[in-house]
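K.L.:
dropping the sequence and predicted coords here.
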Amino acid sequence: MLQGSRQMNQSVKYRQNAAVCCEAVRILTDPRQKAHLLVMACSWISLADHAERNSEASKRQAVMRARAARRGIRTPVWLGGVSR
């Protein structure tokens, strides 16, 4: 579950980076620089979205592992279980 919160923190940082790019776009006058910064902002937002999706997947996997453990079921390796 710790990894999910780390990814969520990353998504916040990514969105802050996107905001910095957007602020620079507002200030700059060169259209080419503005275009490059807008592309960068979109990339930061995409990274944030990706980190959030991964965070949700990590949470779901942790719940599935916990349920399996309570039932005495060995968790598959692809869900973070231990291979033997």
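P.N.:
Right, received. Where do you want to start? Residues are numbered from 1 along each chain as shown.

K.L.:
buried stuff in the helix or strand residue 61 falls within?
P.N.:
Residue 61 is located in helix 31-70, with elements delineated by DSSP states H and E. Across helix 31-70, burial judged by 16 or more other C-beta atoms under 10 Å covers 34, 37, 40-41, 44-45, 47-48, 51-52, 54-55, 58-59, 61-62, 65. (Glycine included, C-beta is placed from N, CA and C.)

K.L.:
report all helices and strands that it contacts.
P.N.:
Of the remaining helices and strands, those touching helix 31-70 by 3 or more C-beta pairs under 8 Å, 6 or more residues apart in numbering; DSSP states H and E are helix 2-27.

K.L.:
distance of the most centrally placed residue in the chain relative to residue 71?
P.N.:
Centroid-nearest residue in the chain, with C-alpha atoms, centre = their mean: residue 51, separated by 0.8 Å. Counting by C-beta to C-beta, to the nearest Å, the separation of residue 51 from residue 71 is 31 Å.

K.L.:
low-confidence ranges, this protein, go.
P.N.:
For the chain, residues meeting the criterion pLDDT under 70 lie at 1-8, 75-84.

K.L.:
let's see 50
P.N.:
Low-confidence segments of the chain (pLDDT under 50): 1-2, 4.

K.L.:
ok, for residue 19, nearest residue in space, not its chain neighbours?
P.N.:
Nearest residue to residue 19, sequence neighbours excluded (C-beta to C-beta, 6 or more residues apart in numbering): residue 41, at 7.9 Å.

K.L.:
now do the contacts for that neighbour.
P.N.:
With C-beta atoms under 8 Å, 6 or more residues apart in numbering as the criterion, the residues that contact residue 41 are 18-19, 21-22, 25.
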